[in-house]
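In: With the input below, show me the fold.
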Amino acid sequence: MEWIVIFGYSFALLIISLFSLEQLYLALLYRKTKKRPAYEALTHFPMVTVQLPVYNEKYVIDRLIDCVCALDYPKDKLEIQVLDDSTDETSDLVMNKIGEWTAKGIDIRHIIRPERVGFKAGALQYGLQKAGGEYIAIFDADFLPHPDFLKKTLPAFREDIGMVQTRWGHINQDYSILTRMQAFGLNAHFTVEQSARNASGKFMNFNGTAGIWRKACIEDAGGWQHDTLTEDLDLSYRAQLKGWKFEYLEGVTSPAELPVLVTAIKSQQYRWNKGAAETARKNCVHIWKSGQSFHVKLHALMHLFNSSVFLFLLIAAVLSIPMLYLKGAQPEFEIIFNLAGVFIVGFIGMTIFYWVSARASTPDFSLKYYLVHFPLFLIFSMGMALHNAIAVTEGYLGIKSPFIRTPKFNITSRKDSWKGNSYLTKGIAPLTIMEGLLALYFVFGVVTGIQMQDFGLMLFHTMLALGFGAVFFLSINPLNDAKTG
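Out: Here you go, the predicted structure:
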């Protein structure tokens, strides 16, 4: 039994370190990446279809439609599809808003499917069949694209470019500690990861929104498919395996609203992590057998399997306390214990990765900013380990679940409130209770370390206790999510 614990702990740390080294590689690659050339102004205006997939978005649907209808583009070359799967008053709001803009000469259509099959992927595919545009722009309900979005993205389409992705902005980043932590993590993806992968010729992904596709690319790749929860990631890989190239525009920002409650973050994280695991399960063999170079294949697989880090983090965390007892009871295990601990040097890669991204994405960056936000982000991520590990495991095992939307709030400043939001679920989930128990478990780990005078894992256990405790507390008492700013 001892060797099972030792092997599981050591192997988990090794995998975590490998993913951390991948992050270090991307950070160094980003530093070497040359600035992308400026594109010439658009002179030819192709037909564009803008798709707005919505499901019960009564709090944000008006501002979404207003924003998209204000796009600076020739009216005769633009059509807008509101792909409405709603079951509440959102549909009435859509009809009223469409009436306003139709009277102003905007080609905007309310599209309702006979049945909601395939969730968002099904809605996009249904709309695609009716789309007249050569290019398809997609925005989720919480986005507010700038008027010049199309004029800045369309020039990037060379002959072989199938999709252009823009960077996400955050209209409520300073609302609370939760929103600042989310922005800190998302900025790392949209600054370092997307830029480094794209500039070096590796596979990158469409992020589900704030991007524009060549319609022929979607069709050539097999269209939108709903057998994963991340239809965007799945289509991205199928398209690139078909030979299409993507372009990432770090300098073009599409503002959006960040979730302000832990429960909303959980639904989003669950979908992203489980969907990534499903996509990895679906496409890993195709990637390995493709004609891509070994280097491209390796980083593509690292990209798809990246969500596994939560599973191995949970394993390492849970086994770390038994490791303390093994070390104390049998001194001969101390060498193995220390050797396993050496793998934590991968933490350096993560530290540099977020340092590089924070410096590049934060206008008022300072050492104080980093020393506050990086530890808080790590602690919160640790607290999400159980939730995300379950999502990843279900994805690898092929356990299906419905597409759970992230509730939108229309919160852009501290004076706004989420109270009364009818889309929020009530009650305490069993998983939340387990997170509370894990918080106590790691408090026990801290006490055990003190009693045994072994402080090697003290910081690790303290961060885990704080992370699981915070996630548990904010899940059962969401009012505090908005009071932590």
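
In: where along the stretch 1-150 of the chain do the strands fall?
Out: 48-54, 78-84, 108-111, 135-138 (DSSP state E, counting those that start in this stretch).

In: Same list (those) but as JSON lines, adding mean pLDDT.
Out: Formatted as JSON lines, the strands of the stretch 1-150 of the chain follow (pLDDT from 0 to 100):
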{"stretch": "strand 48-54", "mean pLDDT": "98"}
{"stretch": "strand 78-84", "mean pLDDT": "98"}
{"stretch": "strand 108-111", "mean pLDDT": "98"}
{"stretch": "strand 135-138", "mean pLDDT": "98"}
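
In: Look up which helix or strand Asn410 falls in, please.
Out: Here Asn410 sits in a region with no helix or strand, counting by DSSP states H and E.

In: Please shift the residue numbers so they start at 36 in all later answers.
Out: Got it, first residue is 36 now, which makes that one Asn445.

In: mind listing what it touches?
Out: Taking C-beta atoms under 8 Å, 6 or more residues apart in numbering, we find Asn445 in contact with Tyr94, Val95, Arg98, Glu292, Asp451. (C-beta placed from N, C-alpha, C; glycine too.)

In: Kindly report the same for Asp111.
Out: Contacts of Asp111 by C-beta under 8 Å, 6+ apart: none found.

In: Look up how far Ile96 lies from it.
Out: Asp111 sits 25 Å away from Ile96, going by C-beta to C-beta, to the nearest Å.

In: rewinding a little: closest to Glu57 out of the contacts of Asn445?
Out: Glu292 (30.0 Å; C-beta to C-beta).

In: pLDDT at that closest one, what is it?
Out: For Glu292, the model assigns a pLDDT of 95.

In: how far is the longest helix anywhere in the chain from where the chain is centred?
Out: Ordering each helix of the chain by length in residues (DSSP state H) puts helix 37-67 first. Put simply, helix 37-67 sits 20 Å off its chain's centre (C-alpha atoms, centre = their mean, to the nearest Å).

In: Please, where are all the strands along the stretch 286-435 of the chain?
Out: Read by DSSP E, counting those that start in this stretch, the stretch 286-435 of the chain holds no strands at all.

In: before we move on, the earlier item: packing partners for the longest helix of the chain?
Out: For helix 37-67, the packing partners by 3 or more C-beta pairs under 8 Å, 6 or more residues apart in numbering; DSSP states H and E come out as helix 229-234, helix 329-339, helix 344-364, helix 369-377, helix 381-396.

In: Which residues does the last one contact?
Out: Here helix 381-396 makes contact (C-beta under 8 Å, 6+ apart) with 48, 51-63, 65-66, 219, 222-223, 225-227, 400, 404-405, 408-409, 412-413.

In: now swap in the third one and tell me
Out: Here helix 344-364 makes contact (C-beta under 8 Å, 6+ apart) with 37, 40-41, 43-44, 46-48, 50-51, 54, 308, 368-369, 372, 375, 417, 419-421, 423-424, 426-428, 476-477, 479-480, 483-484, 487, 489, 492, 495-496, 499.

In: distance of Leu264 from Ala311?
Out: 9 Å.

In: which residues are in contact with both of these two?
Out: The contact sets of Leu264 and Ala311 overlap at Gly430 (C-beta under 8 Å, 6+ apart).

In: Can you get me a residue count around the closest residue to Gln208 other than its chain neighbours?
Out: Once flanking residues are discounted, Gln208 sits nearest to Ala218: 4.4 Å by C-beta to C-beta, 6 or more residues apart in numbering. Counted with other C-beta atoms under 10 Å, the neighbours of Ala218 add up to 22.

In: For stretch 466-485, list the C-alpha coordinates in PDB.
Out: Presented in PDB, the C-alpha positions along stretch 466-485 are these (Å, rounded to 0.1, in the frame of the first residue of the first chain):
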ATOM      1  CA  LEU A 466     -20.100  18.300  -4.300                       C
ATOM      2  CA  THR A 467     -20.100  21.500  -2.300                       C
ATOM      3  CA  ILE A 468     -20.200  19.400   1.000                       C
ATOM      4  CA  MET A 469     -17.200  17.400  -0.300                       C
ATOM      5  CA  GLU A 470     -15.300  20.600  -0.900                       C
ATOM      6  CA  GLY A 471     -16.000  21.700   2.700                       C
ATOM      7  CA  LEU A 472     -14.700  18.300   4.000                       C
ATOM      8  CA  LEU A 473     -11.600  18.600   1.900                       C
ATOM      9  CA  ALA A 474     -10.900  22.000   3.400                       C
ATOM     10  CA  LEU A 475     -11.000  20.400   6.800                       C
ATOM     11  CA  TYR A 476      -8.800  17.500   5.600                       C
ATOM     12  CA  PHE A 477      -6.100  20.000   4.600                       C
ATOM     13  CA  VAL A 478      -6.400  21.900   7.800                       C
ATOM     14  CA  PHE A 479      -5.700  18.500   9.400                       C
ATOM     15  CA  GLY A 480      -2.700  18.300   7.100                       C
ATOM     16  CA  VAL A 481      -1.400  21.600   8.400                       C
ATOM     17  CA  VAL A 482      -1.800  20.500  12.000                       C
ATOM     18  CA  THR A 483      -0.200  17.200  11.300                       C
ATOM     19  CA  GLY A 484       2.800  18.900   9.800                       C
ATOM     20  CA  ILE A 485       3.200  21.100  12.800                       C
END
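
In: Could you list the buried residues of it?
Out: For stretch 466-485, the neighbour count (16 or more other C-beta atoms under 10 Å) marks Thr467, Glu470, Gly471, Leu473, Ala474, Tyr476, Phe477, Val478, Gly480, Val481, Thr483, Gly484 as buried.

In: Using a markdown table, lay out these together with distance to Asp255, pLDDT and secondary structure.
Out: What follows is these, written out as a markdown table (distance: C-beta to C-beta, whole Å; pLDDT from 0 to 100; DSSP: H, G, I helix; E, B strand; the rest coil):
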| residue | distance to Asp255 | pLDDT | secondary structure |
| --- | --- | --- | --- |
| Thr467 | 44 | 94 | helix |
| Glu470 | 44 | 98 | helix |
| Gly471 | 49 | 97 | helix |
| Leu473 | 46 | 98 | helix |
| Ala474 | 49 | 98 | helix |
| Tyr476 | 50 | 98 | helix |
| Phe477 | 49 | 98 | helix |
| Val478 | 54 | 98 | helix |
| Gly480 | 52 | 96 | helix |
| Val481 | 55 | 97 | helix |
| Thr483 | 58 | 95 | helix |
| Gly484 | 57 | 93 | helix |
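
In: possible to save these as CSV with distance to Arg151?
Out: What follows is those, written out as CSV (distance: C-beta to C-beta, whole Å):
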residue, distance to Arg151
Thr467, 28
Glu470, 31
Gly471, 35
Leu473, 36
Ala474, 38
Tyr476, 41
Phe477, 41
Val478, 45
Gly480, 46
Val481, 48
Thr483, 51
Gly484, 51
